[in-house]
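# here is a sequence together with a model predicted from it:
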Amino acid sequence: MRLPGWMRNALWATGVMNVCAAFAFAPSGHALRALAGFPDGEPLYLATSSLFVLLFGVAYLWSAAAGRADRIFITIAAVGKISFVALVVTYWLAGALPALAVLVASGDVVFGVLFLAWLAGMGVPEASTRAA
């Protein structure tokens, strides 16, 4: 499905954000994780997380460049972004993460909401979404 300009911009932005975040989640990204308030972990789990964040980043960039996205991809992206923020907030409330981690993760909730807004407006014909 063709993307409106604002959605393409959101995909470009979150794509860049994800690619950068992949470096922080990589096993060698200790300094970046510390700067963002995220803990270290086992190298295999860090590498796996980094890989998934990077793959989604590439997919966001691809969708933005193509100007098209599948509904299921954007649905998974929205749920994933909002779920990540929910996990970070849960761990912060439990005292396992600093408030800085919540601040760093908050961009994902913005993109998750934008993705949900795009999904909610998909049934609206293009002509009726423009100002008269």
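Okay, I see it.
# and the helices in this structure?
Listed in chain order, the helices of the chain (DSSP state H) span 5-25, 30-36, 43-66, 71-93, 99-120.
# A47: neighbouring residues, count only.
Other residues lying near A47 total 15 when counted by other Cβ atoms under 10 Å. Any C-beta I mention is one placed from the backbone N, CA and C, and that applies to glycine too.
# mean pLDDT added to the helices of the chain, as CSV?
Formatted as CSV, those follow (pLDDT from 0 to 100):
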stretch, mean pLDDT
helix 5-25, 97
helix 30-36, 95
helix 43-66, 98
helix 71-93, 98
helix 99-120, 97
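# would you mind measuring from F52 to G95?
Going from F52 to G95 by Cβ to Cβ, to the nearest Å gives 26 Å.
# can you list contacts of stretch 55-70?
Around stretch 55-70, the neighbours that count as contacts under Cβ atoms under 8 Å, 6 or more residues apart in numbering are 1-3, 7-9, 11-12, 14-19, 21-22, 73, 77, 80.
# filter those residues down to the buried ones.
Applying 16 or more other Cβ atoms under 10 Å to the contacts of stretch 55-70, the neighbour count classes 3, 7-8, 11, 14-15, 17-19, 21-22, 77, 80 as buried.
# closest to A36 among these?
Distances from A36 to the buried ones among the contacts of stretch 55-70, taken as Cβ to Cβ, are shortest for A21 (8.5 Å).
# that older thread, which one's more surrounded, F52 and G95?
Taking other Cβ under 10 Å, F52 and G95 do not tie; F52 has more neighbours (14 against 7).
# can you tell me how far the more buried one is from L100?
Counting by Cβ to Cβ, the gap from F52 to L100 is 23 Å.
# for the closest residue to R33 other than its chain neighbours, grab the count of nearby residues.
Once flanking residues are discounted, R33 sits nearest to A24: 5.4 Å by Cβ to Cβ, 6 or more residues apart in numbering. Residues contacting A24 under the criterion other Cβ under 10 Å number 21.
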